[in-house]
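**Student:** build me a model:
(chains A, B, C, D, E and F)
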Number of protein chains: 4
Amino acid sequence: MAKSIDETKLERIKQATIEMVVTKGYGGASVSSIAKRAQVADGYLYRHFPSKQALVQSLYASHIDEFRQLVYEMMNTYNTLEEILFNFINAIFELTNENPSKAMFINMLMNDYTFLMSKDMRLRIPESFEKLLDKGKETKEVDAGISIEEFTAVFPAIPIEYASSRVKRIFSDEKLTSDDAHKVTTLCVKALKG
Amino acid sequence: MAKSIDETKLERIKQATIEMVVTKGYGGASVSSIAKRAQVADGYLYRHFPSKQALVQSLYASHIDEFRQLVYEMMNTYNTLEEILFNFINAIFELTNENPSKAMFINMLMNDYTFLMSKDMRLRIPESFEKLLDKGKETKEVDAGISIEEFTAVFPAIPIEYASSRVKRIFSDEKLTSDDAHKVTTLCVKALKG
Amino acid sequence: MAKSIDETKLERIKQATIEMVVTKGYGGASVSSIAKRAQVADGYLYRHFPSKQALVQSLYASHIDEFRQLVYEMMNTYNTLEEILFNFINAIFELTNENPSKAMFINMLMNDYTFLMSKDMRLRIPESFEKLLDKGKETKEVDAGISIEEFTAVFPAIPIEYASSRVKRIFSDEKLTSDDAHKVTTLCVKALKG
Amino acid sequence: MAKSIDETKLERIKQATIEMVVTKGYGGASVSSIAKRAQVADGYLYRHFPSKQALVQSLYASHIDEFRQLVYEMMNTYNTLEEILFNFINAIFELTNENPSKAMFINMLMNDYTFLMSKDMRLRIPESFEKLLDKGKETKEVDAGISIEEFTAVFPAIPIEYASSRVKRIFSDEKLTSDDAHKVTTLCVKALKG
DNA sequence: TATGAATGAGACTTCATTCAT
DNA sequence: CATGAATGAAGTCTCATTCAT
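**Tutor:** Residues are numbered from 1 along each chain as shown, chains lettered A, B, ... in the order given. Have a look, this model is predicted:
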């Protein structure tokens, strides 16, 4: 009967939000500027999200979850820690190449103490890394003395930092390659081994 | 005498700014709230900084610089990369224990693409890490194939992430000890060696 | 048949409007909330009324008119002022019991200087009360010196205030009875007599 | 040291608020329009009141209280109900002449079910009228059978309605005089007597 | 006919900044 | 030198209204 919801609009809003938050920061990304970039009316945003905060929060949560699911997927597909890490890192790097803003967005909010994840999220993330650590100890690829705290300082910290500096074009303007993924995997594996 | 009063005011403003930014984010830290916490008048702030942005930027720059100077200092004092890293990491951990807000502040802004450092800063930081990398290669503690890009993904990324997760109390509520510094140094050294 | 469906929709819109305006005030009663309560689409409302303002105005006008017609009806049915007043007040009280919202709605808008009646309405109301005043003077139930201004301050002000305070449950939660109507009639009659 | 608060500004805001609310209704009286009429900046309003609602509420409460205090004052000054009522009504009429908006403002909000008084206010008002009723029964000016519900439907309903219709210029454009106050007092006294 | 997606003007509110004192 | 009253641009959000379907 009535006009049907234009799904591309919702997608445009999401992408515009990420780009504006990355470019201008959370505070600098005004709802108006997001709506303008997404080519929708200011008010339209509020038909899908109750507030600006909820909009950003929801995007953040879904990206973090995507991330976490990728870890599980890789754990179920590959047997050695090295293979798991490489394939995960490679996937992340590809995603970063395709949509650098998305990578910056996650990185930015993960380090924003103001933007805490929901309790649920906060618990499930360490859990997935703990599983990975156990796996590494099992295969003897990880020193038995490594704690979860040390583990996460290596993974995913190293690949995130590497991708982040590339996106910021601090040392290079090149795209991330599978060779980069290999190098980063090696750094992680060496750091952790006995 | 009047001068000294001034100095404590300035100090109070700086600390209040850091605390408010860390607690409420850049946008949530209003000039009024900073002035109130520092127990100075709103307008007084503008005698020292031309704008809120300049205030935060200046604090950020001076902290980053402190950081950089510490690297130089350690490089001139110690001879092996391991010693340099350990003493630097230990110093950073002590600073984090003393003033967690300060550590969170640096970490937060370093990952905020909005708060780009001045060109000057942006150049001098990689430079100081490049010197460190050269040193490591000289002493054979670092594999000759390691690029500056890989190096910075390990150091300072690993210690920063470790300190950051401690401050966020993700895995532990304990203070950072020199034992922590040792563990983190080992991770870095292992990641980089040939 | 289609017509009758229409009619119940229109009726639902009218009742929903009254209830929302009374509950939330004119500003708080959004078109959407009215449509939702009436179980019609937002846009459907605009097939019957050109604007929200017109919708409320029209309901107000029709209720005021209903009121006025009741006065005429009672004047044609009963001979003494006391009988007329009693039967009118009793009718109003019954209506208030059946549909308190309706009573509150009229009362609210009558005291809202924003919602001025149409010129037409404004003239016909005093006219009907003037006829009533003349009748009272004729039967000697009303002092010859009473002006129309004094008369309206007694009737319908007293019964309206009485019903209103009951609806607001200021002094009592009971329904309005014919005994209440008698008491109120007496107050009016005594106020006006010579 | 700093500029001192301009008290006239606060007064201008209060008067502008009353005038705008009376003219345009609560919803129609935008903060901007109030600020403009008061000749202050939009934001200035929020240095004195936390919200538009609080601003209007506070004015309403203080006027209602003024009203209530006037009743007490008259009760302590005069001995017969008739004297008390006359002097109160006269005072109200004078106030209405001086500042018709103020009178309209009170009347409008008193009949707005959306704008409930604080519980405290709601209790103290009937209480003051109850004292008045007791006084009237004591002096035998009021029939022993009159309830507080009937009493308030007469007083202050009659004088309010009379003043209100005058302010709306329904029957007359003249100012309210002490002769008007006498007439209205007589209506009340007659309605209540045994 | 009836719907409800979409709009955008405008509402309320905040806050960096200025400047009279 | 220091204050904090005052400003007003800009932000978030609501909602009456339109119109494609």
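**Student:** name the nearest residue to the residue nearest the centre of chain A, sequence neighbours excluded.
**Tutor:** With distances taken as C-alpha atoms, centre = their mean, the residue of chain A nearest its centroid is residue A:106 (4.6 Å). Of all residues not flanking residue A:106 in the chain, residue A:63 sits nearest, at 5.2 Å (C-beta to C-beta, 6 or more residues apart in numbering or on different chains). Just so you know, the C-beta spots here come from the backbone N, C-alpha and C atoms, and that holds for glycine as well.
**Student:** need the contact list for the one you found.
**Tutor:** By C-beta atoms under 8 Å, 6 or more residues apart in numbering or on different chains, the contact set of residue A:63 is A:102, A:105, A:106.
**Student:** same question for residue A:52.
**Tutor:** Residue A:52 makes contact with A:31, A:45, according to C-beta under 8 Å, 6+ apart.
**Student:** show me the helices in chain A, by range?
**Tutor:** Using DSSP state H, the helices of chain A run over A:7-28, A:31-38, A:52-77, A:81-98, A:100-110, A:119-138, A:148-154, A:157-167, A:178-192.
**Student:** need the ones you listed in a markdown table with mean pLDDT and distance to residue C:138, can you?
**Tutor:** Formatted as a markdown table, the helices of chain A follow (pLDDT from 0 to 100; distance: least, C-beta to C-beta, whole Å):
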| stretch | mean pLDDT | distance to residue C:138 |
| --- | --- | --- |
| helix A:7-28 | 92 | 72 |
| helix A:31-38 | 97 | 69 |
| helix A:52-77 | 92 | 70 |
| helix A:81-98 | 96 | 92 |
| helix A:100-110 | 87 | 83 |
| helix A:119-138 | 87 | 80 |
| helix A:148-154 | 97 | 96 |
| helix A:157-167 | 93 | 94 |
| helix A:178-192 | 98 | 104 |
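**Student:** any chance of those in a markdown table, plus distance to residue B:181?
**Tutor:** Shown next, in a markdown table, are these (distance: least, C-beta to C-beta, whole Å):
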| stretch | distance to residue B:181 |
| --- | --- |
| helix A:7-28 | 32 |
| helix A:31-38 | 43 |
| helix A:52-77 | 29 |
| helix A:81-98 | 25 |
| helix A:100-110 | 24 |
| helix A:119-138 | 21 |
| helix A:148-154 | 12 |
| helix A:157-167 | 17 |
| helix A:178-192 | 16 |
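**Student:** pretty sure the residue nearest to the centre of chain A contacts residue A:67?
**Tutor:** Yes. Counting by C-beta atoms under 8 Å, residue A:106 sits close enough to residue A:67 to count as a contact (7.1 Å).
**Student:** which residues does the residue nearest to residue A:14 when sequence neighbours are not counted contact?
**Tutor:** Nearest non-adjacent residue to residue A:14, counting by C-beta to C-beta, 6+ apart: residue A:59, 6.0 Å away. Shown in contact with residue A:59 (C-beta under 8 Å, 6+ apart): A:14, A:17, A:18, A:105.
**Student:** which of these tops the neighbour count?
**Tutor:** residue A:17 (26 neighbours; other C-beta atoms under 10 Å in any protein chain shown).
**Student:** got the contact list for residue A:110?
**Tutor:** Residue A:110 neighbours (C-beta under 8 Å, 6+ apart): A:64, B:111.
**Student:** ugh, wrong one, I meant residue A:188
**Tutor:** Going by C-beta under 8 Å, 6+ apart, residue A:188 touches A:85, A:154, A:155, A:158, A:159, B:191.
**Student:** try 6 Å this time
**Tutor:** A:85, A:154, A:155, A:158 (C-beta atoms under 6 Å, 6 or more residues apart in numbering or on different chains).
**Student:** what about the nearest residue to residue A:194 once chain neighbours are set aside, how many neighbours?
**Tutor:** Of all residues not flanking residue A:194 in the chain, residue A:143 sits nearest, at 3.9 Å (C-beta to C-beta, 6+ apart). Residue A:143 has 16 neighbours, counted by other C-beta under 10 Å.
**Student:** for residue A:30, see how far away residue A:143 is.
**Tutor:** 49 Å (C-beta to C-beta, to the nearest Å).
**Student:** how is chain A partitioned into domains?
**Tutor:** Per the record, chain A has its domains at A:1-48, A:54-192, by automatic domain parsing.
**Student:** what's the burial count for the spatially closest residue to residue A:136 that is not a sequence neighbour?
**Tutor:** Once flanking residues are discounted, residue A:136 sits nearest to residue A:142: 3.3 Å by C-beta to C-beta, 6+ apart. Applying other C-beta under 10 Å, we find 23 other residues in the vicinity of residue A:142.
**Student:** the one 3 residues further on now?
**Tutor:** Close neighbours of residue A:145, defined as other C-beta under 10 Å, add up to 10.
**Student:** contacting residues for residue A:70?
**Tutor:** With C-beta under 6 Å, 6+ apart, residue A:70 has these contacts: A:88, A:91.
**Student:** ok, it to residue A:77 distance?
**Tutor:** In terms of C-beta to C-beta, residue A:70 sits 11 Å off from residue A:77.
**Student:** spit out the residues that contact these two alike.
**Tutor:** With C-beta under 6 Å, 6+ apart, residue A:70 and residue A:77 have no common neighbours.
**Student:** coming back round to it: surely the residue nearest to residue A:136 meets residue A:135?
**Tutor:** No. Counting by C-beta atoms under 6 Å, residue A:142 does not reach residue A:135; the two are 8.4 Å apart.
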